[in-house]
Every structure is written in structure tokens, then in C-alpha cells.
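Participant: A structural model of the following input is requested.
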Amino acid sequence: MTVPLQEARNSLLDRATAYVRSRLHGPSAHTAENLVTAYWERVPAEDLVGRDPVDLAGAALAHLHLAERRAPGTAKARVYTPTFDDHGWASTHSVVEIVVDDMPFLLDSVSMELVRQGCGLHLVVHPVVPVSRDDDGHLTAIGTGPPEAFLHVEIDRQPPGERLEALRDGLLAVLDDVRAAVEDWPAMRAQAQVLAAELQERPPPGDAREISEARDFLRFMADDHFVFLGFREYDLVRAEEGDDVLRPVPGSGLGILRHDPAADPAAPSRSFARVPAELRRQSPDTVPLILTKAAARATVHRPTALDYVGVKRYDPDGTLSGERRFLGLYTSTMHKAPTADIPVLRKTVAAVVDRAGFAPASHDAKALAEVIEALPRLELLEVTADELYDTALGILALQERQRVRLFARRDRFGRHWSCLVFVPLDRYTQAVRRRITDILMTAFGGTGFEYQAQVGESVLARLHFIVHIDPAAAGGAGPDLEVVEARIAQATRSWADDLSEALLEGYGEERGLALLRRYGSAFPAAYRDDFPARAAVADIARMESCGQDGHDIALSLAQPLEADGLLRFKLFNAGRPLPLSDVLPLLENMGVRVVDQRPYEVRAPGDQGVVWIHDFGLRPAEGDLEAEGVKGIFTDAFATTWRGEAENDGFNRLVLGAGLTGREVAILRAYSKYLRQVGSAFSQAYMERTLAANPHIARLLVELFHARFDPARQDLTDQLDVRGLAGHPSSADPK
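Facilitator: This is a model prediction of the structure:
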């Protein structure tokens, strides 16, 4: 922070406290001054400088008014848009004010709820202030007592009324969840330790190694690797329809599951009921743990789907009788821990390594270990040994090759698809990620999604998608993954990829790669937006011809399908762009109207020079014309005129109007000049207009010239009915 900025900040706060002293007197003034000082103490100077000191004082005083009385263990919240007339201070944004006992997860949970409701955050102030209160909750002093959190968040300006009430209600619900999770955290952690001891003292039927891993995993969770947010116990009972259902045990809920979600405390677990019976039966009774993602999203700490840890309960005879369910979030230490330190996961990894059969300390063994260690821990917890083997060996087979791969699996309860997508790093953009998301959501029938992207030193970017689906629609084998992968590959293709493929196809590998090195990154973004890569292949050929055989320009004429009768005329020249004043008269004299013009600078790397492409939209005077039939004679005529080998006059309209070549137009131009020399009363401009209005006569005159003077056609001279010219009706009055 610069000294002038700090000085401006201190001066601003001094004026704010002075304003408070001028407005308040007695003990209340001292309390207000203390709050103003604590309120803005940790706010960066750049967020304060430029504000009105009255608004700074007013924001703190308004918050103090909200905090004047608060019952212990409750939260107070207000959402409003302050104006000076109504509140004594003003802001360009709407403001959220919260007073609550200080506890973990407050700021990130509140921010998460505001973002969920579509609010943009502009300023977050979060002072933790010691506050003294009397037995009725009235504030008596600032600076002593238990810490309370004063949250001030400036958000996008909101409409008054129901919108502000909805924001307030959502924030209070989130604050209730935070309080419940924090207050019950010790009890939930203790439950995990109790269940671990139970698995050790009274192991259920099943594989001893599975039970041992489950016990160690619960202890691992309790050792600060899991943020406990909710716990509830369920009884497994048989419903009248014959399907197994889970009913909550009254009074067993902790944290965010303190209160039963249904009015009937004996109502079945809704998440369990949504899972089809055939999928529920796929979970063996002898596997003591259920590790998956819950259908609900966290309202506390992080905006992601809750992690679900189910511990099966067994009767003394070994019969499955219920479930103890933990909801929460794995901590960052869990995500970073080596796989060998994570129970359950380490057993799966060991089975994959053993099945792979690579020699210890070999290159393949080390590469496989790196692949597995790099995978998301949540993916490794849910996956079976067979699924992990197929995925890990598939990733290993990529070998840093720049190609797209998709590895997808459906979780055992049909709640989501887990998708690992690898794409070349140079293709990965936010636009590409959104296209991949749309493809996955459509292919798997997603109801929501989460994703994580990993970009490092590898030539591949890895995206991990969790696509949530409706369990009731989870039947069947799912989409053809090869088809989905092909769609993703197509969606991630760049313009440069298409250019590479088109050049290799058109020129072969050696020449195509040479041109790719020269022009692969030479085309500007505007050109890439306007033209497909296949069009660039033809343009590259024309650019390569510039400067060869004495030709300073290259030309092309085409009629795109979407052009609506327009012709697209491209003029290529090396060096500087061409002045429009040099080009437009030539085009207009050739009988076209220039509708638009777009220049593109193609800059090859190094000292290989610059080529300008001038793309003109042309509207022929004679209406729609087929470019294929006239492009050769049009470009030749333009080139000869450009080089000064032909005159630039109105006779050039006959190129398009009568389909004549530049040399044939020169014949009629010569006749016109001869007639002028022998004393004809008609001007050249008149003869230009007359022939342009009667293109059939112009063609017959040229045909007559060929018939008379072409040695190869002397035998046709007598057959030509020249008298037909005089009697042929004119299509326009020459006058």
C-alpha cells in the first residue's frame, strides 16, 4: 500500500469517527466510535478511498442498530438498499447485514448462498467484534465479551419487496445450518469414533480386510479429514409393497440433519427411496461402507454436492438392519493425502497394481503410480478395482498424446455419472469446457453438474465432471461412450486443427507440414471467424503465388451458398494494404456494386512477410450470376486492367454483362475508338452504355470478329448471317 493511499484512508476514517461524535453523545457515542474503528479496520484502502465518510459512519451505525438486541444462539439479518433520505447513508448497491456468534464457515457459507441466488458481490466486510450483552440480549459494550461476527456484504442492486425477503430467508436458513453443524460437530465426530470401535469389537459378517479398512476409514475421517455437517441413523424395514425402505430413527439427527425433513418422523429416506430397487440390491450386504456423493448440495463451507458416508448396521445374527449416515465434505488434507495413507482407497489401488503386474521400480510401475496419484480422491473412493484398472491403464496408454479421451462410470446408486475428460492443453478454453458440459449433460440426461479442471505441465488438461441424474431414470446401460467421446473430440477441435487436417489432405505430409509451419498461426482472429479452415487452403495457394512470375496480386471470385446473390471477390497482395481508391473504380467499371469490404492481415512468423487479403462483396448489375461461369474471365480482366495492360473504362462491364474476356472487350473498345476517329457522332460513353444494355449484340459482334479473322474459322464466314445484326431488336433504347 502506498503512503498517500494509506494517509487518505486514515483521514477518511478520522472524518467518519468525527461525524459519529458530532451526531451522538454519552456512552452510545463511545460504543459507536469503537464499532466504526473495528468495522473498517481490515478493509483495504483501495476499497475505502473515494467513499463519503458519512456513508462509512452510516453503514457501521446501521449495523450497530441491528445488533442492539439479539438473543443468544440466534442470528439477525437484514437485506436492503440504503438511501440517505430513509437510512441516513447511501450506497449504489444493496447491502446485507448479519450479526451472529462468531463460528467457522460463516463468510464462505454466506457468500455461497448469495452467489447461489444470483447476486454479484462487490464488497465484503467481516469484522469479528467482542460484544457484551445483558441477560435480555441488549448490547452494553463494544470491545469486551464473546466475539460476534458483523457481516456487511454489498451486492448487486436488488428490486424491493419479495426479492429482498427471499435473500434474507435464504441467508437465515444457511446460518441455521452453519450453527447446527458447528454445535454438533463434536458429537458427529464422536459417532464416527464409536462406529469404528464397534466394527473392531463386534465385526459384522464379511471379509475381515473390508471390515478393517472400514474401521480405519472412520478413524481417518475423524482425524480432521472430513467436515462433519450432518448425521442420522436409519432403520431398514420392509414396506407393504415389498421394497426395502430406510426410516429415520427419531432423535438421532445431528447437524444439518437435526430435524426430520418430513412431517412424519417415520417417513422413509427420500434419497434412498429414489434409488431403484435393482440398484439398491447391487450393494452387497457384507460391504460395511457406502461411499458416494449425496443428491443434495452443501449449504455450508463449499458449493458442491455433499459427500455421503453410510455405515451399515447389523443385528447380532449378522442381518442387515439399518444405516448410520454421515453427510459432509472431505477436507483439503484428504484431497492431498497419498493413496497409501487413505483406508479403503489403498486397498483398491493395491489390487490394481497387483493386477497390472508391472515389475516393481520399473518405468511402467512408476507411471501407473503417478496416474493413480493424480486422480481425484473422491473418484478413487467410489470406484471399484476393475473400474480403476480400466481407467488407469487407459490414461497410461495416452502417453502424453494430444488426443481427446473420455472415461465415464455411473455410481452404484444411479445418482450421478463420473466423467474424466482429457483434452489437449492448447485446445482447452472456457468455451470448450462449456461445450463439453453441454454434451455430457445431454448424453447422460443430467439434472445438474460439478466440475474440476487440472492444468499442469502435461500436454493434456484433465476435467472431472460429476453429472447428477435422476435415479429413477438410471436404468439401462447409458449412452454409447465412444459416440460421446467423438462428440467431445469434435467440440474441442480448433480452427488450427481443421487447417492442419485440410493442408495434409490437400498437399501431402511434407508440403502440408511446411505450409502449416508458415501459416498455422498467421491468420487473424477475424479471418478464422469468417471463413472455415478449408477456405484457407485455397487462399494459401493464392498467397504463395503473390510475387511469383511477375504477378504482384492474386485474385479469386466465388459465390458462397449463404451469399444471397452476392459474389465474394478476394484480392491478395504482399506488403501494405491496397488503398480502396485504387480498387473501387476498377470494380465499378466492371459492372458491379461493392457492398462491403473486409481486410485481413496474414502475418507469417519470422521474416516471411505479410500478405493482405481484401475480401469484397459484389452485387452484379445484371442480377444473380453463376461465379463458376465468369470467375476466370472476371479475374483475368481485372488483373490485366490492374497491371495497366487494358484500359479502365465502361467497356469492362461486358465481362459480366456479356460473358466476354478482357481481350474480346478490347476488340469492341478498338472498334469504338476507330469509329470516333472516322467521325462518328456517338461518344465512347454512349457506345459503352449501348453495348452494356444490349449484351447479345456485343457477343454477336465479337463472334463476327472471330469468324472473319480467326484462321481456324474462315470456313464459317460465309455461313454467318451478318444481316441479322441490323434487324435484331434492341433490349433497351440506346437514347
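Participant: pull the longest helix from this protein.
Facilitator: Ordering each helix of the chain by length in residues (DSSP state H) puts helix 162-201 first.
Participant: Beyond it, next helix or strand please.
Facilitator: helix 208-222 (DSSP states H and E).
Participant: Quick check: which helices or strands does that next one pack against?
Facilitator: Using 3 or more Cβ pairs under 8 Å, 6 or more residues apart in numbering; DSSP states H and E as the contact test, the elements touching helix 208-222 are helix 162-201, strand 305-314, helix 345-356. Where you see a C-beta, it was placed from the backbone N, CA and C, and this is true even at glycine.
Participant: Now it: buried residues?
Facilitator: Residues 210-222 are the ones in helix 208-222 that count as buried (16 or more other Cβ atoms under 10 Å).
Participant: pLDDT of that helix, averaged?
Facilitator: Helix 208-222 comes out with an average pLDDT of 95.
Participant: and it with helix 162-201, angle?
Facilitator: Relative orientation of helix 208-222 with respect to helix 162-201: 140 degrees, computed using axes from the mean of the first three to the mean of the last three Cα atoms, to 10 degrees.
Participant: Please enumerate residues in contact with helix 208-222?
Facilitator: With contacts defined as Cβ atoms under 8 Å, 6 or more residues apart in numbering, helix 208-222 is touched by 189, 192-193, 195-196, 199-200, 203-204, 228, 286-289, 309, 311, 326, 342-344, 346-347.
Participant: can you rerun that using 7 Å?
Facilitator: 189, 192-193, 195-196, 199-200, 203-204, 287-289, 309, 342-344, 347 (Cβ atoms under 7 Å, 6 or more residues apart in numbering).
Participant: and these, which are buried?
Facilitator: Members of those that pass the buried threshold by neighbour count (16+ other Cβ under 10 Å) are listed as 189, 192, 195-196, 199, 203-204, 288-289, 309, 342-344, 347.
Participant: For G445, state which of these is nearest.
Facilitator: Within the set of the buried ones among the contacts of helix 208-222, V309 lies nearest G445; the separation is 26.7 Å, counting by Cβ to Cβ.
Participant: quick one, what contacts that closest one?
Facilitator: Applying Cβ under 7 Å, 6+ apart, one finds that V309 lies in contact with M221, L289, L291, F326.
Participant: about what we covered before: buried residues in the longest helix of the chain?
Facilitator: By neighbour count, with 16+ other Cβ under 10 Å as the criterion, the buried positions of helix 162-201 are 164, 167-168, 170-172, 174-182, 184-185, 188-189, 191-192, 195-196, 198-199.
Participant: With stretch 117-137 instead?
Facilitator: With burial defined by 16+ other Cβ under 10 Å, the residues of stretch 117-137 counted as buried are C119, H122, L123, V124, V125, H126, P127, V129, V131, R133.
Participant: quick check, P577 in a helix?
Facilitator: No. Under the criterion used here (DSSP: H, G, I helix; E, B strand; the rest coil), P577 is coil, not part of a helix.
Participant: Pull the number of nearby residues for the spatially closest residue to it that is not a sequence neighbour.
Facilitator: Nearest non-adjacent residue to P577, counting by Cβ to Cβ, 6 or more residues apart in numbering: W612, 4.6 Å away. For W612, the tally of surrounding residues (other Cβ atoms under 10 Å) stands at 20.
Participant: same thing with R493?
Facilitator: For R493, the count of nearby residues is 16 (other Cβ under 10 Å).
Participant: State the phi and psi torsions of it.
Facilitator: Backbone torsions for R493, taken as degrees, to the nearest 10, come to phi -70, psi 140.
Participant: how near is it to I439?
Facilitator: Here R493 is placed at a distance of 13 Å from I439 (Cβ to Cβ, to the nearest Å).
Participant: One more: F220?
Facilitator: 36 Å.
Participant: Scan the chain for its longest strand.
Facilitator: Of all the segments of type strand in the chain, defined by DSSP state E, the longest one is strand 139-155.
Participant: residues in contact with that one?
Facilitator: Residues from elsewhere that reach strand 139-155 (Cβ under 7 Å, 6+ apart): 31, 34-35, 39, 59, 63, 67-68, 91, 93-102, 106-107, 110, 114, 119-134.
Participant: if we can go back for a sec, the buried residues of stretch 117-137 in strands, which ones?
Facilitator: Those of the buried residues of stretch 117-137 mapping onto strands are H122, L123, V124, V125, V129, V131, R133, per DSSP E.
Participant: quick check, nearest of those residues to L566?
Facilitator: H122 (48.0 Å).
Participant: hang on, isn't that closest one packed against T92?
Facilitator: No. Counting by Cβ atoms under 7 Å, H122 stays clear of T92, with 8.6 Å between them.
Participant: Poorly predicted segments of this structure, please.
Facilitator: 1-3, 238-243, 260-285, 473-476, 547-551, 563, 606-608, 622-629, 714-735 (pLDDT under 70).
Participant: domain parsing for it?
Facilitator: Domain assignment of the chain by automatic domain parsing yields the ranges 3-158, 185-336, 546-727.
Participant: right, so of the ones you listed, which gets closest to A461?
Facilitator: With respect to A461, and counting by Cβ to Cβ, the nearest of the domains of the chain is domain 185-336 at 18.4 Å.
Participant: In terms of secondary structure, what does the host helix or strand of Y686 contact?
Facilitator: Mapping Y686 onto the secondary structure by DSSP H and E places it in helix 684-693. The elements that helix 684-693 packs onto, with contact taken as 3 or more Cβ pairs under 7 Å, 6 or more residues apart in numbering; DSSP states H and E, are helix 654-657, helix 662-677.
Participant: For Q191, which non-adjacent residue is closest in space?
Facilitator: Nearest non-adjacent residue to Q191, counting by Cβ to Cβ, 6+ apart: F231, 5.6 Å away.
Participant: Could you list the buried residues of the host helix or strand of that neighbour?
Facilitator: Here F231, judged by DSSP H and E, is contained in strand 226-238. Neighbour-count burial for strand 226-238, with 16+ other Cβ under 10 Å as criterion, is recorded at F226, V227, F228, L229, G230, F231, R232, E233, Y234, D235, L236.
Participant: Kindly report the same for stretch 664-677.
Facilitator: Residues of stretch 664-677 classed as buried: E664, V665, A666, I667, L668, R669, S672 (neighbour count, 16+ other Cβ under 10 Å).
Participant: One more: stretch 343-360?
Facilitator: Residues of stretch 343-360 classed as buried under the neighbour-count rule (16+ other Cβ under 10 Å) are P343, V344, L345, R346, K347, T348, V349, V352, V353, F358.
Participant: circling back: return the closest of the buried ones among the contacts of helix 208-222 with respect to G617.
Facilitator: Minimum separation from G617 among those (Cβ to Cβ) is found for I342, which lies at 63.7 Å.
Participant: Contacts only, for that closest one.
Facilitator: Residues F220, R377 are the ones in contact with I342 under the rule Cβ under 7 Å, 6+ apart.
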